[in-house]
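Peer 1: Okay, sequence plus prediction incoming.
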Amino acid sequence: RKEVEQDPGPFNVPEGATVAFNCTYSNSASQSFFWYRQDCRKEPKLLMSVYSSGNEDGRFTAQLNRASQYISLLIRDSKLSDSATYLCVVNMYTGNQFYFGTGTSLTVIP
Amino acid sequence: ETGVTQSPTHLIKTRGQQVTLRCSSQSGHNTVSWYQQALGQGPQFIFQYYREEENGRGNFPPRFSGLQFPNYSSELNVNALELDDSALYLCASSPEVNYGYTFGSGTRLTVV
């Protein structure tokens, strides 16, 4: 079983739509969680951290469910510029060892 | 504040050769990790260095090795290159445990 799993998509949604991505992780002792965004042929960039209480940054909302071992990302009012691959990242063990999911591809259509 | 810089940006090597990739971490960051990203996949953790010591390793063979220097810059060395080593190699630095990483733009290695 992979340490971090996410639906690769692709998700094709119209502008203005709401879209949600989920990601599950295997190690219940995981300490920190993030969502990264990666544009084609570019490096991943930190989108937001995921806190136990859930957190919001503009149109983006991230949530963590420790009991079920998954994190989620909700994007409201999708923009064309949101088109990218979204990677969930989990700090699996002690230390700063991050494990990435395979990424979920999102295309926002005009 | 400079970000994470990697060199070279592109590299072509022949199977069996050795390669060294370099990374300068963001100012103030003492933790560096290296990742391998194959096409269509998420980055795979190779290893991490913290204050010049290896601080964790993913599922990569010993021919993948690294170094971190006193200024926190880092090298990734790969010996006996195989065709499957062709990938984007990403370096990422972080200031503290559990903080998000800042990535460099990567080195694209092609093994022929």
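Peer 2: Arrived safely, thanks for sending.
Peer 1: drop to CA atoms for contacts and neighbour counts, all remaining ones
Peer 2: Will do.
Peer 1: low-scoring stretches of chain A, by residue?
Peer 2: A:1, A:93-96 (pLDDT under 70).
Peer 1: Contact residues of it facing chain B?
Peer 2: Residues of chain A found near chain B (C-alpha under 8 Å from any C-alpha of the partner chain) are A:31-32, A:34, A:42-46, A:49, A:87, A:91, A:95-103.
Peer 1: try 10 Å this time
Peer 2: A:8, A:31-36, A:38, A:41-49, A:85-91, A:93-105 (C-alpha under 10 Å from any C-alpha of the partner chain).
Peer 1: Tell me which residues touch residue 27, please.
Peer 2: Because you didn't say which chain, this covers chain A. A:3-4, A:69, A:90-93 (C-alpha atoms under 10 Å, 6 or more residues apart in numbering or on different chains).
Peer 1: please go with chain B instead
Peer 2: B:1-4, B:71-73, B:93-95.
Peer 1: In ChimeraX, select just the buried ones from those.
Peer 2: In ChimeraX, this line selects whichever of those come out buried by 16 or more other C-alpha atoms under 10 Å in any protein chain shown:
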select /B:3,4,72,73,93,94,95
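Peer 1: export the contacts of B:Ser27 to JSON lines and tack on pLDDT and distance to B:Arg51?
Peer 2: Putting those into JSON lines (pLDDT from 0 to 100; distance: C-alpha to C-alpha, whole Å) gives the following:
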{"residue": "B:Glu1", "pLDDT": "51", "distance to B:Arg51": "20"}
{"residue": "B:Thr2", "pLDDT": "64", "distance to B:Arg51": "20"}
{"residue": "B:Gly3", "pLDDT": "88", "distance to B:Arg51": "18"}
{"residue": "B:Val4", "pLDDT": "93", "distance to B:Arg51": "17"}
{"residue": "B:Asn71", "pLDDT": "88", "distance to B:Arg51": "9"}
{"residue": "B:Tyr72", "pLDDT": "87", "distance to B:Arg51": "7"}
{"residue": "B:Ser73", "pLDDT": "92", "distance to B:Arg51": "10"}
{"residue": "B:Ser93", "pLDDT": "91", "distance to B:Arg51": "12"}
{"residue": "B:Ser94", "pLDDT": "85", "distance to B:Arg51": "12"}
{"residue": "B:Pro95", "pLDDT": "83", "distance to B:Arg51": "11"}
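Peer 1: Give the helix, strand or coil label for the residue of chain A found nearest chain B.
Peer 2: Nearest residue of chain A to chain B (C-alpha to the nearest C-alpha) works out as A:Thr102 at 4.0 Å. Here A:Thr102 is recorded as coil under DSSP: H, G, I helix; E, B strand; the rest coil.
Peer 1: pretty sure it contacts B:Gly40?
Peer 2: Yes - at 7.6 Å, A:Thr102 counts as touching B:Gly40 under the criterion of C-alpha atoms under 10 Å.
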